[in-house]
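Chemist: whatever this is, show me its structure:
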Amino acid sequence: MTSIRRRSFAITALALVCGALPLAAAAQAAWPTKSITLVVPFSAGGPTDVVARVLGAAMTKTLGQPIVIENKTGAGGTIAAAYTARATPDGYTFLIHHNGMATAPALYRKLAYRPLNDFEYVTQVVDVPMTLVGRKDLPAKDFKELQAYLKAQGNKVNLAHAGLGAVSHLCGMLLRQATGVEMTTVPFQGTAPAMNALVAGQVDLLCDQTTSTTPFIKAGSIKLYGVTTPTRIKALPEAPTLDEQGLKGFQVVVWHGIYAPKGTPKEAIDRFGAAVRTALQDPAVATRLAELGAQPASEDKLSPEGLRQWLAQETQRYDPVIKAAAQFAD
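Modeler: Purely as a prediction, here's the structure:
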């Protein structure tokens, strides 16, 4: 091959390589090119579903592709988490989950996934206070009277929850430990059925998120006995905390994190997380979440590493509580 031909060949090859680089970069930058699935472990209309849909609508504007909410219910959120862990890690499947991600290893002794190993961490989203609420005609007018009522009635009192592993189940478990009263627990298939039963007067008590209970509290359909945060909350400023009413140290806050299958491209994780943070700063989203009592997670929890550290910490916190109660879900 002559020097001229060699030079011509080299120039052509270099042109092809240089031409391919922008195409590769464009392909990478093109994510997302189709709709993105956000898996919700609980039923439509439930607290986590509400948060997911509020965020999803705002994120669609940022990412330019629809965020499709897919409700995969059952087994305290473990069905949805296992589904996400097995999903193709192509950047088009994400999971939003609450405290149940941390409690599952203790509740389920044969768990099909490892929360601290089988996912990529994206970001935390919001923290949601919980409320202790009762049927409208429950005799006790405040928490002090409720404590006396519980001690007098014991296991005649029905305490509803949204299913084994749900945060309402965990809150109820902690409430029974704190009050020393073994109430009769009544599981439902999701928050909405549990709330419907409470409104109808079929059960006595429920401990659940403000995203679910606030509309019913404000409508006067149920009775509020207190919030589970250390201080009062903006959504229900007149509502006293359980701590200030004598249940010292009682605190349950629902936190939500977003995860992806292990091996999901970093670009998808980074851009999806950035879209979440942009949505949280949207005035319309902030207003809607505030109405529900939800607050954006603190800055230190909005990174993938922040979520990973928090999950590890919460797993260690709840493990002994669940094992002491010996209430396993499998």
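Chemist: ok, the residue sitting nearest the centre point of the chain to Pro261 distance?
Modeler: With distances taken as Cα atoms, centre = their mean, the residue of the chain nearest its centroid is His98 (2.7 Å). From His98 across to Pro261, the span is 19 Å (Cβ to Cβ, to the nearest Å). (Glycine included, C-beta is placed from N, CA and C.)
Chemist: equivalent analysis for Thr228, please.
Modeler: Look at Thr228 and Pro261: by Cβ to Cβ, they are 33 Å apart.
Chemist: neighbour count: these two, which is higher?
Modeler: Between Thr228 and Pro261, Thr228 has the larger neighbour count (other Cβ atoms under 10 Å), namely 25 against 21.
Chemist: from the chain's centroid, how far away is the longest strand that the chain contains?
Modeler: Secondary structure of the chain per DSSP state E: the longest strand is strand 119-135. Counting by Cα atoms, centre = their mean, to the nearest Å, strand 119-135 is centred 5 Å from the centre of its parent chain.
Chemist: which stretches in the stretch 1-150 of the chain count as strands?
Modeler: In the stretch 1-150 of the chain, the segments counted as strands under DSSP state E, counting those that start in this stretch are 36-40, 67-71, 93-97, 119-135.
Chemist: now the longest one and strand 93-97, what's the angle there?
Modeler: Comparing the axes of strand 119-135 and strand 93-97 via axes from the mean of the first three to the mean of the last three Cα atoms, to 10 degrees yields an angle of 40 degrees.
Chemist: okay, now the sheet partners of strand 119-135, with direction.
Modeler: Note on strand 119-135: by DSSP bridges, its sheet partners are strand 205-209 (antiparallel), strand 222-227 (antiparallel), strand 253-261 (antiparallel), strand 295-296 (antiparallel).
Chemist: how far does the first one sit from the chain's center?
Modeler: Distance, stretch centre to chain centre, for strand 205-209: 16 Å (Cα atoms, centre = their mean).
Chemist: use 472 as the first number for this chain going forward.
Modeler: That works, and once the first residue is 472, the last one we named lands at strand 676-680.
Chemist: can you give the contact residues for it?
Modeler: With contact meaning Cβ atoms under 8 Å, 6 or more residues apart in numbering, strand 676-680 is reached by 518, 599-606, 609, 628-633, 638-639, 642-643, 646, 654, 662, 665-666, 669, 684, 693, 699, 723, 725, 764.
Chemist: buried stuff in it?
Modeler: Leu676, Leu677, Cys678, Asp679, Gln680 (16 or more other Cβ atoms under 10 Å).
Chemist: helices and strands around the next helix or strand after that strand, which ones?
Modeler: The first helix or strand that comes after strand 676-680 along the chain, using DSSP states H and E, is helix 681-690. Other helices and strands packing on helix 681-690, by 3 or more Cβ pairs under 8 Å, 6 or more residues apart in numbering; DSSP states H and E, are helix 518-534, strand 590-606, helix 662-670, strand 693-698.
Chemist: kindly compare burial across these and name the winner.
Modeler: Ranked by mean neighbour count under mean count of other Cβ atoms under 10 Å, these are led by strand 590-606, which reaches a mean of 25.
Chemist: avg pLDDT for that one?
Modeler: Strand 590-606 carries an average pLDDT of 96.
Chemist: now do that strand and helix 662-670, the angle between them.
Modeler: Inter-element angle recorded for strand 590-606 and helix 662-670: 10 degrees (by the same axes, to 10 degrees).
Chemist: any weak-confidence spans in the stretch 472-621 of the chain?
Modeler: 472-500 (pLDDT under 70).
Chemist: so Ile507 sits against Leu534, correct?
Modeler: Yes: using Cβ atoms under 8 Å as the test, Ile507 is close enough to Leu534 to be in contact (7.0 Å).
Chemist: of all the helices and strands packed on helix 681-690, which lies closest to Asp790?
Modeler: Across these, Asp790 has its closest neighbour in strand 590-606 (18.5 Å, Cβ to Cβ).
Chemist: give me the angle between that closest one and helix 681-690.
Modeler: Strand 590-606 runs at 20 degrees relative to helix 681-690, counting by the same axes, to 10 degrees.
Chemist: alpha carbons of strand 590-606, as CSV, please.
Modeler: Listed next in CSV are the C-alpha coordinates belonging to strand 590-606 (Å, rounded to 0.1, in the frame of the first residue of the first chain):
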residue,chain,number,x,y,z
PHE,A,590,-30.5,-2.3,44.2
GLU,A,591,-29.0,0.9,43.0
TYR,A,592,-29.9,3.8,45.2
VAL,A,593,-31.4,6.9,43.6
THR,A,594,-32.7,9.4,46.2
GLN,A,595,-35.0,9.9,49.1
VAL,A,596,-38.2,11.8,48.4
VAL,A,597,-40.4,12.9,51.3
ASP,A,598,-40.9,12.3,55.0
VAL,A,599,-44.5,11.9,56.0
PRO,A,600,-45.7,12.1,59.6
MET,A,601,-48.2,9.6,60.9
THR,A,602,-51.4,10.1,62.9
LEU,A,603,-53.2,8.0,65.4
VAL,A,604,-56.9,8.2,64.5
GLY,A,605,-60.1,6.5,65.7
ARG,A,606,-63.7,6.0,64.6
